[in-house]
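**Q** take this sequence and fold it.
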Amino acid sequence: MEQLRLIANPHLLANEQYTNHEINKTFHEKLHDVIISEYNEIYIPMILTNKIKQYIDLEINNMMTHRIIEDCIERCIQEVIRQNKFDFIIPFD
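**A** As a prediction, this is how the structure comes out:
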């Protein structure tokens, strides 16, 4: 009878709860784990991970600044073209 009860309620088979500790990790911790797994033959201190994170942040900031500048220049060019229609005729003599 006990076996039938276990089949009817399979959650009674084991008293294990799944906990995912990966969800609670920050980006900094995940980055450190990636660096450690890639370079597992050497010790990687957390201060090196901090420097790498700062470099990543700086590069992303530079990229965003560059995109904003390109967008502003493109809008200025489009506005100048819109306001000054170049529909004059150049004679070919």
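
**Q** these two touch, right, residue 49 and residue 32?
**A** Yes - taking contacts as CB atoms under 8 Å, residue 49 lies within contact range of residue 32: 4.4 Å. For every residue, glycine as well, the C-beta is placed using N, CA and C.

**Q** where do the helices sit along the chain?
**A** In order along the chain, the chain carries the following helices (DSSP state H): 2-8, 27-38, 46-83.

**Q** how about low-confidence regions in the chain?
**A** Screening the chain residue by residue with the criterion pLDDT under 70, one finds the ranges 1-22, 86-93.

**Q** buried residues in stretch 30-46, which are they?
**A** For stretch 30-46, the buried set under the neighbour-count rule, 16 or more other CB atoms under 10 Å, comprises 31, 32.

**Q** okay, now residue 60: neighbour count?
**A** Neighbour count of residue 60, defined by other CB atoms under 10 Å: 10.

**Q** again with residue 29
**A** Considering only other CB under 10 Å, residue 29 is surrounded by 13 other residues.

**Q** from residue 48, how far out is it?
**A** For residue 29, the distance to residue 48 under the criterion CB to CB, to the nearest Å works out to 14 Å.

**Q** can you check residue 61 too?
**A** In this view, residue 61 and residue 48 are 20 Å apart by CB to CB.

**Q** cool, residue 72 as well?
**A** Plainly put, residue 72 is 37 Å away from residue 48 if you go by CB to CB.

**Q** neighbour count: the two, which is higher?
**A** Taking neighbours as other CB under 10 Å, residue 72 and residue 48 compare with residue 48 leading, 13 against 10.

**Q** how about the contacts made by the more buried one?
**A** Residue 48 makes contact with residue 35 under the criterion CB atoms under 8 Å, 6 or more residues apart in numbering.

**Q** kindly report the same for the one 5 residues further on.
**A** For residue 53, the contacting residues are 27, 28, 31, taking CB under 8 Å, 6+ apart as the criterion.

**Q** any idea how far residue 28 is from it?
**A** Here the distance between residue 53 and residue 28 works out to 6 Å (CB to CB).

**Q** swap in residue 48?
**A** Using CB to CB, one gets 12 Å for the distance from residue 48 to residue 28.

**Q** again with residue 52
**A** The gap separating residue 52 from residue 28 is 10 Å, by CB to CB.
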